[in-house]
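> Below are the sequence and a predicted model; questions follow.
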Amino acid sequence: MELYEAIKGRRSIRAYKTQDVPEETVKKLIEAASLAPSAGNIQPWLFVIVRKTDIKRKLAQAASQAFIEEAPVVIVVCANEKRAERGYGVRGKTLYCIQDTAAATQNILLTAHALGLGTCWIGAFSEEKVKAAINAPEEKRPVALIPAGYADETPAQRRRMPLSQIMHYESF
C-alpha cells in the first residue's frame, strides 16, 4: 500500500472480527513504532502487548470503552519519562517523550492499516488504572491504548477542516 493511500484510508475501528492477529504481525507493528523519530534518538517508548481477556477488560474499564475488550490484541504505548528526563530535563519528561510516543503510535496505526488491520488511537483513560492493569512501574507512563484486529466495520471518512483554515504562511 502506498503511504499517502494508507494515510487517507486509515480509520478508527471499534468493531473487530474474532480472528487472531499473528505474533509476527504484532512484531511488525512494534518494529514500525521503533523506527519513529525521537528527540536525541532517546527512544523513550515501551509497548505492552495485551491478549489476555482479563487485562483487556481492565483496560476497557480504564477507558470506559467496552469495545477495547473485543479486540484480539491491545497495544499499550508507554513513555519512559526518566529516560527522556535524563536527556532533556523537565521538557524531555513533560513534552518530548509524549511527542516521541505519539510518532510511534502513528507508525503503528499506518502500518496496521497497510497490513489489513483496524486500530483505534485511545488517549482518554485513567492512567492509574491502566498502570495497575499492566503492572507499570512509576516512571513508565501510559500514553495510548491501541486495540488492533481485523475490522468488522467500514466507517466513512470523517470531515476534515479545509487547508484554508489550518494553513498559514510566515505568521498568523
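Yes, it's here. Numbers count the residues shown, from 1 in each chain.

> looking at the sheet around G118, what are its partners?
Each beta-bridge partner of G118 is listed here, defined by DSSP bridges: G149.

> Neighbours of it, how many?
Each residue near G118 was counted by other CB atoms under 10 Å, and the total is 25. (Glycine included, C-beta is placed from N, CA and C.)

> Also R159?
Residues near R159, counting by other CB under 10 Å, number 6.

> what do you get for N41?
N41 - counted by other CB under 10 Å - has 8 other residues nearby.

> Which pLDDT value belongs to it?
Here the pLDDT value assigned to N41 is 98.

> separation between it and L35?
11 Å (CB to CB, to the nearest Å).

> P162 now?
With CB to CB as the criterion, P162 and L35 are 32 Å apart.

> do E24 as well
E24 sits 17 Å away from L35, taking CB to CB as the criterion.

> and the two? which has more neighbours close in?
Remark: of E24 and L35, L35 carries more neighbours, 12 against 7, as counted by other CB under 10 Å.

> Is that one in contact with N107, as I believe?
Yes - distance between L35 and N107: 6.4 Å, which falls inside the contact criterion (CB atoms under 8 Å).

> what about the residue nearest to the spatial centre of the chain, which SS state?
In the chain, the C-alpha closest to the average C-alpha coordinate belongs to T105, at a distance of 3.8 Å (CA atoms, centre = their mean). Assigned by DSSP: H, G, I helix; E, B strand; the rest coil, the conformation of T105 is helix.

> Could I get the contacting residues of it?
In this structure, T105 makes contact with A33, V77, W121, V143, A144, I146, judged by CB atoms under 8 Å, 6 or more residues apart in numbering.

> what comes up buried for stretch 113-125?
Buried positions in stretch 113-125, judged by neighbour count with 16 or more other CB atoms under 10 Å: H113, A114, L115, L117, G118, T119, C120, W121, I122, F125.

> Ends of that stretch, what's the gap?
Across its full length, stretch 113-125 reaches 24 Å end to end, with CA to CA, to the nearest Å as the criterion.

> How about residues contacting it?
Residues outside stretch 113-125 that contact it (CB under 8 Å, 6+ apart) are 1, 6, 9-14, 16, 21, 25, 28-29, 59, 62-65, 67-68, 105, 108-109, 112, 142-151, 153.
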